[in-house]
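Trainee: got a predicted structure here, sequence first:
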Amino acid sequence: MDYRMIHACIRVMDLEKSETFYREAFGFKVGRKRDFPDGGFTLSYLVDPSETFELELTYNYDQKEPYTIGNGYSHLAVSVADLEASHKRHTEMGLNPTPLKGLTGTASYYFVSDPDGYRIEVVRMK
């Protein structure tokens with residue numbers, strides 16, 4: 001059997017703010033949105049520029065306190081051809097990226113956090 005990853009889901013406090021972050025920071029767009037007023041939540045499926053992966057944002061209407069990300073959550077990852085230009089852009093956007101880092105000494109990634117504190121690793125495209 002062949003399996004294909006279709007989406008990852010995170011819960012967000014402000015759906016519009018999160019959609020804007022992923023659109024402006026990484027070029028994602030809302031592929032579809034489903035509102036469930038009787039259930040008290042909205043699902044927004046953001047697609048990456050290649051349209052091969054979706055990030056499901058779950059917005060629960062009555063959530064008052066920020067979600068606890070916990071120590072089990074690690075990160076999402078996106079790749080980019082020009083890592084240095086991306087880092088500069090995210091710095092100029094005020095996203096406070098971490099310094100460029102590399103496991104072997106050569107810079108190959110950095111992290112930014114979305115409005116809810118989820119970490120996104122930006123990796124040099126191979």
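Mentor: Now that the structure is in, tell me what you want to look at. Here the structure is a predicted model, which means the values were calculated and not measured.

Trainee: residues in contact with stretch 113-125?
Mentor: 10-14, 17-18, 21-22, 25-26, 66-67, 69, 73-81, 83, 86-87, 90, 95-97, 107-112 (C-beta atoms under 8 Å, 6 or more residues apart in numbering). Bear in mind the C-beta positions are built from the backbone N, C-alpha and C, glycine included.

Trainee: ok, of those, which come out buried?
Mentor: 10-13, 18, 21-22, 25-26, 67, 76, 78, 80, 83, 86-87, 90, 95, 97, 109-112 (16 or more other C-beta atoms under 10 Å).

Trainee: tell me which of these fall in helices.
Mentor: Counting by DSSP state H, the buried ones among the contacts of stretch 113-125 place 18, 21-22, 25-26, 83, 86-87, 90 in helices.

Trainee: which two among those are spaced furthest apart?
Mentor: The largest separation in those, counting by C-beta to C-beta, is between Ser18 and Leu83 at 23.8 Å.

Trainee: list the buried ones in stretch 46-60?
Mentor: 46-48, 53-57, 59.

Trainee: same deal with stretch 19-37?
Mentor: Here stretch 19-37 shows 19, 21-22, 25-26, 28 as buried, counting by 16+ other C-beta under 10 Å.

Trainee: roughly how far out does stretch 76-92 sit from the chain middle?
Mentor: 13 Å (C-alpha atoms, centre = their mean, to the nearest Å).

Trainee: domain ranges for the protein, per the record?
Mentor: 1-62, 73-126 (automatic domain parsing).

Trainee: strands of the chain, start to end?
Mentor: 7-12, 29-36, 41-47, 54-60, 76-80, 109-113, 119-124 (DSSP state E).
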